[in-house]
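Enquirer: Mind looking at a prediction? Sequence and model below.
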Amino acid sequence: MPRHYLFLASLAYAFPILRPLQRAIRARGDEAAWFIDEAACRELLEPGERELRTVAEVMEYAPEAVFTCGNYMYDFFPGVKVQLFHGYAINKRNDSRDDHFTIRGWFDIYCTQGPSSTGPFRELERRLRYFRVYETGWTKADTYFSPEMQQRPANTRPTILYSTTFTRSLTSTPFLADEIERLVAARDWEWIFMFHPKLTDPEILGRYERIAAGRQNVTFLGNTFDADAMRRADVMLCDSSSIILEFMFLDKPVVTFRNSHLDDCLLDIREPEQLEGALEQAIGRPAELMERIHAYTMHHEPHRDCRCSERVLDAVDDFIARGRAGLRRKPLNLVRKWQVRRRLHYFPFFGRR
């Protein structure tokens, strides 16, 4: 019989992370289903993708494992609980509070991406001893390192992808709008506006939609992720977001505005009037810059064989085969468990589901 796996998704960014894993599951002859935590995401399901809408349906489905890239998990769902992450450990606030390494007591398995994440998680595994760490690579990397995505775009003029974080203290959108509007009119460049799924401020989105309106050289995607936009672009303009690293996987340069975690693989600017010159430099692809980009991306994601999703499934198989032998019990986590039950109105002891 086919094995069952479940994806827990609450934001749009979950879909490009989980779909490569869905393909790997189906290639094995097994089945995957989705549990969508926010109704707004439901419209992103594709034909042929199965959705489970109730706890009762999940219990009947009885998944071998539940995968998420978010920060929480429904502990009462059957199966091994697997954390895949929604990005890389870039510490975009440049302080000691890196949320990437926060352990909340939900997961049996952490699937790390490379040296930047495996080392710290191995230390947490050794100290806490109630989960296992497997270095698998990131499932979304299977898409970036595919032959289709790695092929250089054949653009007739430079194409710039503007992508920005949603964090108010870090986003460049209020500072660069005037200069971007000037460059859209003044330079023979193509532009794509694609913002973080959590950037929902109507004032910001409206401003950039107005810049794009009526312009043949601007594509406005709003806060919808589009992998093809990453493939089409020659250069990214950003601020502080893990999508910078994802774009660099395609062997392409990035210009940043007041990046919070400066690195010599970025062309960082501090003032809007520096933007035009920095973009020109990036379009030229300086050899030394491209070498630094390669070294930086290898530190975060050395797995480039498009088999990260396969390794995730192998990790689940290994965990099931070994069981919890040698592991401590997970923390009681009573407050968080109450919070997630309340989210679904799941109180089986009171006869409500």
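Expert: All right, it came through fine. Owing to the predicted nature of the structure, the values given are computational and were not obtained by experimental measurement.
Enquirer: And the strands in the stretch 151-300 of the chain?
Expert: 159-162, 190-194, 218-222, 235-238, 254-257, 267-269 (DSSP state E, counting those that start in this stretch).
Enquirer: so which of those comes closest to L44?
Expert: Nearest to L44, of all those, is strand 218-222, at 13.5 Å by CB to CB. Any C-beta I mention is one placed from the backbone N, CA and C, and that applies to glycine too.
Enquirer: how big is the angle separating the closest one from strand 190-194?
Expert: Relative orientation of strand 218-222 versus strand 190-194 (axes from the mean of the first three to the mean of the last three CA atoms, to 10 degrees): 10 degrees.
Enquirer: mean confidence score for strand 218-222?
Expert: Mean per-residue pLDDT for strand 218-222: 96.
Enquirer: hey, where'd the helices end up in the stretch 251-353 of the chain?
Expert: 275-283, 287-300, 308-322, 334-344 (DSSP state H, counting those that start in this stretch).
Enquirer: Select, out of those, the one closest to R127.
Expert: The nearest among those, by CB to CB, is helix 308-322 at 19.2 Å.
Enquirer: who touches the closest one?
Expert: Under the criterion CB atoms under 8 Å, 6 or more residues apart in numbering, residues 20-21, 23-25, 28, 64-65, 67, 80, 82, 84, 108-109, 111, 132, 134, 136-139, 141-142, 303 lie in contact with helix 308-322.
Enquirer: Report the buried members of these.
Expert: Burial by neighbour count, 16 or more other CB atoms under 10 Å: within these this picks out 20-21, 24-25, 64-65, 67, 80, 82, 84, 108-109, 111, 132, 134, 136-139, 141-142, 303.
Enquirer: Tell me how the protein divides into domains.
Expert: 4-143+304-350, 147-300 (automatic domain parsing).
Enquirer: Quick one: mean pLDDT for the longest one?
Expert: Per-residue pLDDT over domain 4-143+304-350 has a mean of 92.
Enquirer: The chain should start at 18 in everything you say after this.
Expert: Noted, 18 is the first residue going forward, which turns the last one into domain 21-160+321-367.
Enquirer: Grab the nearest non-local neighbour of the residue positioned nearest the centre of the chain.
Expert: Taking CA atoms, centre = their mean, the centroid of the chain lies closest to H103, which sits 3.5 Å from it. Closest residue to H103 in three dimensions, ignoring its sequence neighbours and counting by CB to CB, 6 or more residues apart in numbering: C86, at 4.3 Å.
Enquirer: How many neighbouring residues does the one you found have?
Expert: Residues contacting C86 under the criterion other CB atoms under 10 Å number 25.
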